[in-house]
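Peer 1: here is my input; please provide its structure:
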Amino acid sequence: MAQKTYKYDVIIIGGGPNGLTCGAYLTRTGQKVVIVDRRGELGGGLATEEATTCAGFLHNVHAVYMMMIDYAPAYKDLELEGQYNLKHVYPSLQFAMPFSDGECLCLYTDLEKTCNSLARFSKRDAESYRKVFHQAKKLTEEFLAPATYLPPIPALEQVPKLEKTEVGRAIMDYSEKSPKKIIEELFENERVKTMMLYLVCMWGLDPEQEGVGYMVPLYLNRATNYRLCVGGSHSLTQALNKSFVENGGNVISPRRIVKIITEDGRARGIQLEDGTILEAKKAVVSTIDQHQTFLQLVGEEKLEKDFVESIKVWKWEHWSLLGIHMALDSAPNFMASKANPDINSAFVYILGYETPGDFINHYKAILKGEIGDKIGFNCCFPSIHDPSQAPEGRHTGLISQMAPYSLKGDPKNWYPIKFREGQAQKSLDVLRKYAPNLTDDVIRAIYISTPMDVENKFNDMVEGSIKQGECHPLQMGYNRPNPECSRNRSPIEGLYMGGACVYPGGTVLLGGGYLAASAVCEDFGVEKWWSEPEFIKKARENGIL
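Peer 2: Have a look, this model is predicted:
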C-alpha cells in the first residue's frame, strides 16, 4: 500500500492550550496549519469530564484556576470572550483559610476587606500586606507580566536593565531570597505567614529555595486575580479550537507520532504511527516536552552531545497532585462561617495547615517520597460559582494535594485501589474537620487521580510534572529548558518549541504558544496581524525589557 503524504505550512505537535494558541494565531495569517494530538479531546490539562459515576457533574480533572486572563494577549487578540462566548467568574472572596478553632483568614479582591481580615490577627500584618499588595501590583504590571509574553534574554543582558529602575532593583532584591525568608520578613503572625507561604508556593516554588524569590510578588498579585471558566476549563479549549478551525485550521486526532522527519539538519515533517507522512513547508512546532521531542521523535544521534545532556539533566517537579473530585448532594458549610459568613462563598480554600512548619514539613516529606503525617491542600467547589457544572441543587468539589510521584521510591505504589482510596479518605477527613456537613451521605461519589494517573493521562507531564519542570533558578528564564530552545527555536532548523517546558512555563499562561507563533512569523517573513499589547510597550519604553 502506498504511503499517504499530506502537505502543510506548519505542523503543530500537541493540542493543549499552547498548541491551540499557536495554531489560532498562525491560521489567521493565512498559513495552512494542522494540529496532531494523541488524545481524542484537545486541550491537554484544560479538561472537564463527568469523571465520577454520577451523570451531570462536571469535574475539572486538571486545570481549574485561571490566573492570567487579564494579561495573556490571546484572550483579546483571538476575541475569545466576545467572538467565542468564553465567560469567566471572578469571585470576590478569592482565598479562605479556616483554622481548627473556627477562625479564618480571607483574601478578597477588595483590598480593604482583606486588610480587615488580616487585622483580626495582626494590625502590623494588615499594613504590611497593604504595602506589598501595591508593590506586587506595580512589579507585575511593569515587569513580571510583560516579561511573561516576550522572549527571555540572558541574565547578563537583563540584570543591567533591572539595575537602572526602581522596579528592577526591587525584583533583584526579591530574587536572591527564598519564599520562606520573604514571608518571614513581611509578616509576624504565624497564621498569616502560613497562608501567604502556601499562596506563593502552591504553583511549584520550594519554600526554602533561594534564587526564585522574584516569583513571589507575581504569585501574591495573582492570588486576588483567579478566575473560573463558566462551563468548566474545557470551555477555554473550545474557544481556542473554534478560533483555530474557523480560520482554516485542521486537526488530526487521536493519532500517535513516531518520528519528526529531518533532512540535512532541518525538520521536514512528521510520521504518524500508521505510516502517514505530514510534510511541513515552513515549520514543525512541538508543544510537548523536550524529552519526547528530541530524544524520542528526533533521535539522539541527530543532536549534539552537549545538547542531549542538557535535556537529560532536566529536573521535573519534586511533587505532583493527588486529586479527589467529589459529586455532592449539598454545598459545604464551614464551621468558620459562624465568625465569617462569607467563607462559604470562597473560590479557593487552604486546609490542613495551621503553621508554616506544617506546610514546610509536608513539603519535606514529599521530597523523601512520602505523603507526610499531617497533610494539607487547596480545594474548591466550582458549582457554587457556576451552577452549570452540576445538576440543579447539587455541587462539585475538588481537593488538590501536593504528593510525590515516586511514592516510597516507586510510582507503582500508587496503583493499589485500597491504598489510593485510603489516601483519599485521609484527605476527606481533613476537609470534614473544617466542613463537617460533608458526610458520606452528602458525598455521592469520588474520582481519584494520583500523580501516576497525571502522567498516564497527559504524557508530556513526565513524572506527573504539572508544569513540565521544576522551578529552579537554573531552569527558569533564558535557561528554560536551555538557551538553545528558550526563545522557541531549536538546534534543528525549522523545529520550534512552544509548550510548558519552554519559557515562560506552565499554569495556562498561553505564553509558549503565543511566543512560538511570533517566532515562526518572524523567521519566515509572515506578517503578524496582531499588535504588541500596551503593557508590553510601556515596559519597553521604561527600558526594563
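Peer 1: list the contacts of Gly269.
Peer 2: Ile11, Ile260, Ile261, Ile277, Leu278, Glu279, Ala280, Val284 (Cβ atoms under 8 Å, 6 or more residues apart in numbering). All C-beta spots, glycine's among them, are computed from the backbone N, C-alpha and C.
Peer 1: now the phi/psi pair for it, please.
Peer 2: Main-chain torsions, Gly269, degrees, to the nearest 10: phi 160, psi -160.
Peer 1: so how far is stretch 244-258 from its chain's centroid?
Peer 2: Averaged C-alpha coordinates place stretch 244-258 at 23 Å from its chain's average position (Cα atoms, centre = their mean, to the nearest Å).
Peer 1: ok, now stretch 370-388?
Peer 2: On Cα atoms, centre = their mean, the centre of stretch 370-388 falls 16 Å from that of its chain.
Peer 1: what average pLDDT does it get?
Peer 2: Here stretch 370-388 scores 96 as its mean pLDDT.
Peer 1: please identify the buried residues of it?
Peer 2: Residues 371-372, 375-386 are the ones in stretch 370-388 that count as buried (16 or more other Cβ atoms under 10 Å).
Peer 1: same question, stretch 268-288
Peer 2: Going by 16+ other Cβ under 10 Å, stretch 268-288 has these buried residues: 268-272, 277-278, 280, 282-288.
Peer 1: from the residues you listed, which two are the most distant?
Peer 2: For the buried residues of stretch 268-288, the farthest-apart pair by Cβ to Cβ is Ile277 and Thr287; their separation is 20.4 Å.
Peer 1: quick one: pLDDT of the nearest residue to Leu328 once chain neighbours are set aside?
Peer 2: Of all residues not flanking Leu328 in the chain, His395 sits nearest, at 4.3 Å (Cβ to Cβ, 6 or more residues apart in numbering). Listed pLDDT for His395 reads 98.
Peer 1: which residues touch His395?
Peer 2: Leu328, Asp329, Ser330, Ala331, Phe381, Ser383, Ile384.
Peer 1: got phi/psi on the nearest residue to the third one once chain neighbours are set aside?
Peer 2: Pointing back at Ser330 there. Nearest non-adjacent residue to Ser330, counting by Cβ to Cβ, 6+ apart: Val442, 5.6 Å away. The phi/psi pair for Val442 (degrees, to the nearest 10) reads phi -80, psi -40.
Peer 1: surely Val442 touches Asp329?
Peer 2: Yes: Val442 lies in contact with Asp329 (Cβ atoms under 8 Å); the separation is 5.0 Å.
Peer 1: so for those two, which sits in the more crowded spot?
Peer 2: Val442 (19 against 15; other Cβ atoms under 10 Å).
Peer 1: how close does the more buried one sit to Glu279?
Peer 2: Val442 is 56 Å from Glu279, where distance means Cβ to Cβ, to the nearest Å.
Peer 1: now swap in Val502 and tell me
Peer 2: Val502 is 24 Å from Glu279, by Cβ to Cβ.
Peer 1: got it, and Lys457?
Peer 2: 30 Å.
Peer 1: go on, Gln31?
Peer 2: For Gln31 relative to Glu279 (Cβ to Cβ), the value is 14 Å.
Peer 1: quick revisit: what about the buried residues of stretch 370-388, which are in helices?
Peer 2: Counting by DSSP state H, those place Pro382, Ser383, Ile384, His385 in helices.
Peer 1: just to revisit the earlier point, how about the contacts of His395, which pair is most distant?
Peer 2: Farthest pair in these, by Cβ to Cβ: Asp329 and Ile384, 13.8 Å.
Peer 1: just to be sure, Tyr496 is in a helix?
Peer 2: No: Tyr496 is assigned strand when assessed by DSSP: H, G, I helix; E, B strand; the rest coil, not a helix.
Peer 1: which residues touch Met172?
Peer 2: Val159, Leu162, Glu163, Tyr214.
Peer 1: tell me which element the nearest residue to the third one once chain neighbours are set aside is part of?
Peer 2: With Cβ to Cβ, 6+ apart as the criterion, Glu163 has its nearest non-adjacent residue at 6.4 Å, and that residue is Arg169. Taking DSSP states H and E as the criterion, the element that holds Arg169 is helix 166-175.
Peer 1: so how far is that helix off the chain centroid?
Peer 2: 24 Å.
Peer 1: nearest spatial neighbour of Tyr214, skipping sequence neighbours?
Peer 2: In space, Tyr214 is closest to Ser175, 4.4 Å off (Cβ to Cβ, 6+ apart).
Peer 1: please tell me how far the one you found sits from Gln158.
Peer 2: 11 Å.
Peer 1: state the distance from Gly422 to Pro91.
Peer 2: Taken as Cβ to Cβ, the span from Gly422 to Pro91 is 33 Å.
Peer 1: okay, the two: which has more neighbours?
Peer 2: Pro91 (18 against 10).
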